[in-house]
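> Dropping the sequence and predicted coords here.
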Amino acid sequence: MLPQKLFLILLFLLLSLGVALAAAVNLNTANREQLIALEGINPVMATAIVTYRESTGPFASVDELAKVPGIDARTVERLRDHLTVAD
């Protein structure tokens, strides 16, 4: 019985990790709607992120998000676990 319970626990953990990884929004490819879906990003901020990316090129790091007008370091820290800058 223990191996079955252990298997179920491991399966749950792996599925949970997959969901957490899949939830990260790529700052370099996200559209306005995907950004708005993040808690703490309103439509004005989402538009500013897309505009910044279009004018300066891809984000090199999540920290660079603080350079977007209207987004401060606290917002970046709050969103850090939900963002990525993969190509």
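Happy to help now that I have it. Numbers count the residues shown, from 1 in each chain.
> Count the neighbours of I9 for me.
Here the number of neighbours of I9 (other Cβ atoms under 10 Å) works out to 10. Yep, even glycine has a C-beta here, placed from its N, CA and C like the rest.
> Just the element for it, please.
Using DSSP states H and E, the element containing I9 is helix 2-22.
> do A46 as well
Going by DSSP H and E, A46 is part of helix 43-56.
> how about that helix: buried residues?
For helix 43-56, burial by neighbour count (16 or more other Cβ atoms under 10 Å) applies to M45, A46, A48, I49, V50, Y52, R53.
> Q34: which of those residues is nearest?
Minimum distance to Q34 across the buried residues of helix 43-56 is 8.3 Å, recorded for A46 (Cβ to Cβ).
> dump the residue contacts of the closest residue to that closest one other than its chain neighbours.
The spatially closest residue to A46, leaving aside those adjacent along the chain, is L35, at 3.8 Å (Cβ to Cβ, 6 or more residues apart in numbering). In this structure, L35 makes contact with V25, I41, M45, A46, I49, V50, judged by Cβ atoms under 8 Å, 6 or more residues apart in numbering.
> Now for the closest residue to R80 other than its chain neighbours: which residues touch it?
Excluding its sequence neighbours, the residue lying closest to R80 (Cβ to Cβ, 6+ apart) is V62, at 5.6 Å. By Cβ under 8 Å, 6+ apart, V62 lies in contact with L27, V76, L79, R80, L83, T84, V85.
> Noted, bye for now.
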